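S.K.: Kindly generate the corresponding structure for this input.
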Amino acid sequence: MRYQTSEKRKLNIEESPEGLILREDSFKVDHIFECGQCFNFRKNDDGSYTAVFLGKIINLLECEDYTLIRNVSLDEFYEIFYDYFDLCTDYGMIKEVLSESEILNKASEYGYGIRILNQDLFETTISFIISANNQIPRIKKAVRIISERYGDYLGEYMGEKYYSFPSPQVLAKVDPLDLREHARVGFRDVRIVETSQAFVDGYLNFEDEKNLTDKELHNKLKELPGIGPKVADCIMLFAYHRRETFPVDVWIKRVMETLFIGKEVPKKQVDDYAREIFGDLAGYAQQYLFYYGRENAIGK
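M.R.: Below is the predicted model:
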């Protein structure tokens with residue numbers, strides 16, 4: 001079954017004096033940004049979310065029956081953020097298939113507006129190296145500080161200054177002690193610099209890895225400093241678009257053991273079980289279950 005269109009489909013989106021008005025099923029801003037898939041965003045006092053992607057600052061506010069999108073033009077939205085928000089994918093069909101499971105039906109209804117973001121490879125890699133044995137608020141803070149100290153200034157929006165995530169060339173030259181002191185990345189400091197240098201040296205290239213099998217790509221990612229199985233899975237899911245990937249962290253392990261498996265098992269067994277029952281939709285199932293489980297403290 002096909003879930004993606006090869007060409008950009010026409011969205012129910014229009015320009016208004018306040019910004020772009022998007023009416024799209026399976027699109028809810030807090031679901032998208034609060035499901036653990038990205039860290040380079042801020043939640044504002046008015047309930048809107050401001051994110052940075054490819055040098056652009058975008059602000060999204062969930063209204064009663066539409067999403068208000070500010071600070072980008074209609075052309076910019078189609079050119080940059082159509083792919084970022086995975087708008088070529090029919091999430092209605094995906095949820096219909098997953099909803100054959102009563103548990104997934106509840107989870108996908110709860111997080112009905114989730115869309116898996118297609119993120120920048122380098123930023124995703126560094127962000128999830130930081131995420132290892134870490135908490136989301138601290139990860140977000142570290143990503144923000146790294147952007148502010150080493151990225152390019154993009155401008156100010158709603159009283160906050162925004163910066164791009166730095167390039168591999170810049171981060172490869174940073175003193176690890178500077179990262180440790182200011183971004184509070186701890187033992188990950190040297191790993192961030194070494195992995196940045198690997199990017200400079202051409203170890204990873206999105207186009208080159210397209211022909212690798214999942215196992216080959218997974219093994220290649222794990223050769224980089226600070227990347228274990230879970231981090232490699234996150235990079236595959238969120239940057240390489242390998243939607244059959246099922247990252248297993250503490251929350252997902254608890255949720256799967258509580259709702260599906262019925263007992264405590266090793267992480268690898270959780271991954272095997274998920275791939276068996278969710279197949280090529282495992283990545284989508286992971287996001288619905290992560291959000292549903294964390295928001296409802298399932299298995300805590």
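
S.K.: C-alpha only now, for contacts and for neighbours.
M.R.: Fine.

S.K.: for this protein, which spans come out with low pLDDT?
M.R.: 1-2, 5-6 (pLDDT under 70).

S.K.: need the strands for it, in chain order.
M.R.: 13-16, 19-22, 41-43, 49-53, 56-62, 67-70, 153-157, 160-163 (DSSP state E).

S.K.: L121: which of those strands is closest?
M.R.: Checking the strands of the chain against L121 by CA to CA gives strand 49-53 as the closest, at 11.7 Å.

S.K.: hmm, who's touching that closest one?
M.R.: 29-30, 40-44, 57-61, 162-164 (CA atoms under 8 Å, 6 or more residues apart in numbering).

S.K.: if you set the cut-off to 7 Å instead, what comes out?
M.R.: 40-43, 57-61, 164 (CA atoms under 7 Å, 6 or more residues apart in numbering).

S.K.: now, of the strands of the chain, which is deepest in the fold?
M.R.: Burial of the strands of the chain is given as mean neighbour count (mean count of other CA atoms under 10 Å); strand 67-70 ranks first at a mean of 22.

S.K.: how far does that strand sit from the chain's center?
M.R.: Here the centre of strand 67-70 is set off from its chain's centre by 20 Å, with CA atoms, centre = their mean, to the nearest Å.

S.K.: if we can go back for a sec, closest to K263 out of the strands of the chain?
M.R.: strand 41-43 (35.9 Å).

S.K.: Mind giving me the packing neighbours of that closest one?
M.R.: strand 49-53 (3 or more CA pairs under 7 Å, 6 or more residues apart in numbering; DSSP states H and E).

S.K.: Tell me which strands the strand it packs on pairs with, and in which orientation.
M.R.: Strand 49-53 pairs in its sheet with strand 41-43 (antiparallel), strand 56-62 (antiparallel), by DSSP bridges.

S.K.: Mind putting those into a markdown table with distance to I129?
M.R.: Formatted as a markdown table, the strands paired with strand 49-53 follow (distance: least, CA to CA, whole Å):
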| stretch | distance to I129 |
| --- | --- |
| strand 41-43 | 18 |
| strand 56-62 | 24 |
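
S.K.: quick one, which of the ones you listed is nearest to E79?
M.R.: strand 56-62 (11.4 Å).

S.K.: re earlier: mind putting the strands of the chain into TSV with distance to G279?
M.R.: Formatted as TSV, the strands of the chain follow (distance: least, CA to CA, whole Å):
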stretch	distance to G279
strand 13-16	33
strand 19-22	31
strand 41-43	31
strand 49-53	30
strand 56-62	32
strand 67-70	32
strand 153-157	41
strand 160-163	38
